[in-house]
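Asker: only geometry, no sequence info:
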């Protein structure tokens, strides 16, 4: 190369070096950020797959193992860790149980049309009322039956269910002798079965929870529930509050892997699983 050409090449080289410094620094910074982002994204995906595996395992345990037998009453829960690591992570699993809500009434409406899920209003007769007196279990009002005429009944459609439960709180006050109160059910509104009776030993004016399994009865499209007073005077009291009719069990599942949590609500009937809700958080 001649001396003149060398002199012309030097400025070009310097320009290229300067340009490379301007371009390469941001490029390397962007590449570094991309690599870090890729690692974070990859970790999140791995944790999500691990959490998903935890939910799937819980569903399998509910369907084919004895997990459902360990969860008997509403609010029962159990926690455990998946025995096998997924993507290097063993998810922590929590499963809780409740029953599917079909109908309910807490009598806060103050009348006979309150609640949800029923075919029609309560049908009252005799000494039956909704009152604020004598400390309702929940809220400010509850059902009151008195004497031997207080009676209410209401119907709900249970025809799509294979099992159902009737749950409520009740208390008795000032019973004497053979005075009683009754909870009754009927599949047709004609033939009635007494499923619980309150008598003198129960008249301590303390609310208690009652859970009645309806699965052995015919669950019809017009299934009736009734409460009846069998006392002697209007100074004898029977109260009911926070009444619910519930269907098949539903299970809440939370599976946690690192920073990823998957929550699901499922219903298991035999070997049929219905996913009611699923969310990644």
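Answerer: Structure's in. What do you need? Every value quoted in this text rests on a predicted model; they were computed, and no experiment measured them.

Asker: could you list the low-pLDDT ranges of the chain?
Answerer: In the prediction, the chain carries residues with pLDDT under 70 at positions 1-42.

Asker: now do the helices in it.
Answerer: Ranges of helices in the chain, per DSSP state H, are 3-64, 67-70.

Asker: wait, isn't residue 214 in contact with residue 164?
Answerer: Yes - contact between residue 214 and residue 164 holds when scored by C-beta atoms under 8 Å: they sit 4.3 Å apart. In this view, the C-beta of every residue, glycine as well, is placed from N, C-alpha and C.

Asker: could you tell me which residues touch both of those two?
Answerer: Common neighbours of residue 214 and residue 164, counting by C-beta atoms under 8 Å, 6 or more residues apart in numbering, are 158, 223.

Asker: the strand ranked longest in the chain pairs with which strands, parallel or anti?
Answerer: Across the chain, the longest stretch assigned as strand under DSSP state E is strand 237-257. When sheet partners are counted by DSSP bridges, strand 237-257 sits next to strand 92-105 (antiparallel), strand 142-146 (antiparallel), strand 165-173 (antiparallel), strand 260-269 (antiparallel).

Asker: residue 184: which of the ones you listed is closest?
Answerer: Proximity of the strands paired with strand 237-257 to residue 184 was assessed by C-beta to C-beta; the nearest stretch is strand 165-173, lying at 10.7 Å.

Asker: quick one: contacts of the closest one?
Answerer: With contact meaning C-beta under 8 Å, 6+ apart, strand 165-173 is reached by 74, 99, 134, 137-138, 181, 183, 185, 195, 198, 202-215, 225, 236-247.

Asker: hang on, the earlier thing: tell me the most buried of the strands paired with strand 237-257?
Answerer: Mean neighbour count (mean count of other C-beta atoms under 10 Å) peaks for strand 142-146 among the strands paired with strand 237-257, with a mean of 25.
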